[in-house]
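> Let's see this in three dimensions:
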Amino acid sequence: MNTDTTPMLASLEYLPYLNELGETTDQFAGKVGVYAIFDQAKTLQLIGYSRDVSISLKQHLVRQPEGCYWLKVQTIDRPSRTMLEEMRLAWIAENGSIPIGNDAEEAIWNQPIDAKLKMTAAEQAAYAATDEIGRIKTLKQVARRVEAEVLADLEARGVKMAIRFDPKLKEEGLLNLK
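The predicted model follows:
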């Protein structure tokens, strides 16, 4: 599987996103590579590359659990950013259209979950009516509520692995894996 030539995306086998234990595979831990993520119907959602494919796959799963059912991965022994980007672009070209995760939903797939966007009217009022310490407290409460929703969505998706979010980012109303 490790090669420095660009394989056709269609030539790579589909791998299940979660194993029978409800966890992502650890076979890509610490591996540099390019990956393609597919939904349940095997519709391409995102093509990305990473210095640690395993960590990136977990982040995408947390952010878009319903879009992460299948994947194709090509690890690279002697990577360069140019090589990774060229392979990503070749796979997008092979697909014939830009996947939604590389286009309209790029931020949703690649940025921390912004709990501030899910504030209720009461939470917005509490946030607006207080000082900096009160705002941090409100953001942490909102982040914890959104975190519970994310964890419930992941459980419904069949995820059984432990998920831990960075506690410092919760003060900013953001959820990102630690």
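> Give me the pLDDT value at Gln141.
For Gln141, the pLDDT comes out at 97.
> Report the separation between it and Thr82.
44 Å (Cβ to Cβ, to the nearest Å). Bear in mind the C-beta positions are built from the backbone N, C-alpha and C, glycine included.
> Among the two, which residue is more densely surrounded?
More crowded of Gln141 and Thr82, by other Cβ atoms under 10 Å: Gln141, with 17 against 8.
> tell me the domain ranges of the chain?
9-110, 113-175 (automatic domain parsing).
> So which of those has the densest surroundings on average?
Neighbour counts (mean count of other Cβ atoms under 10 Å) averaged over each of those peak at domain 9-110, with a mean of 17.
> what about that one, start to end distance?
21 Å (Cα to Cα, to the nearest Å).
> and it, how far from the chain's centre?
Relative to the centre of its chain, domain 9-110 is centred 9 Å away, using Cα atoms, centre = their mean, to the nearest Å.
> Do me a favour and average the pLDDT over that domain.
96.
> mind checking pLDDT for the residue located most distally from the centre of the chain?
Using Cα atoms, centre = their mean, the residue of the chain lying farthest from its centre is Ala129. It sits 33.8 Å away. Here, the pLDDT recorded for Ala129 equals 95.
> Tell me which residues touch it, please.
Going by Cβ atoms under 8 Å, 6 or more residues apart in numbering, Ala129 touches no other residue.
> and it, how far is that from Glu123?
11 Å.
> what ranges do the helices span in this protein?
53-63, 81-95, 106-110, 121-128, 132-157, 167-170 (DSSP state H).
> Not counting the shortest one itself, show me its contacts.
Right, the one you point to is helix 167-170. Under Cβ under 8 Å, 6+ apart, the answer for helix 167-170 is Pro112, Ala115, Leu139, Lys140, Ala143, Arg144, Glu147, Leu175, Asn176, Lys178.
> Just flag the most distant two among those.
Leu139 and Lys178 (17.3 Å; Cβ to Cβ).
> pretty sure Gln59 is touching Asn176, no?
Yes. Checked against Cβ atoms under 8 Å, the pair Gln59 and Asn176 is within contact range at 7.4 Å.
> Perfect, I'm done here.
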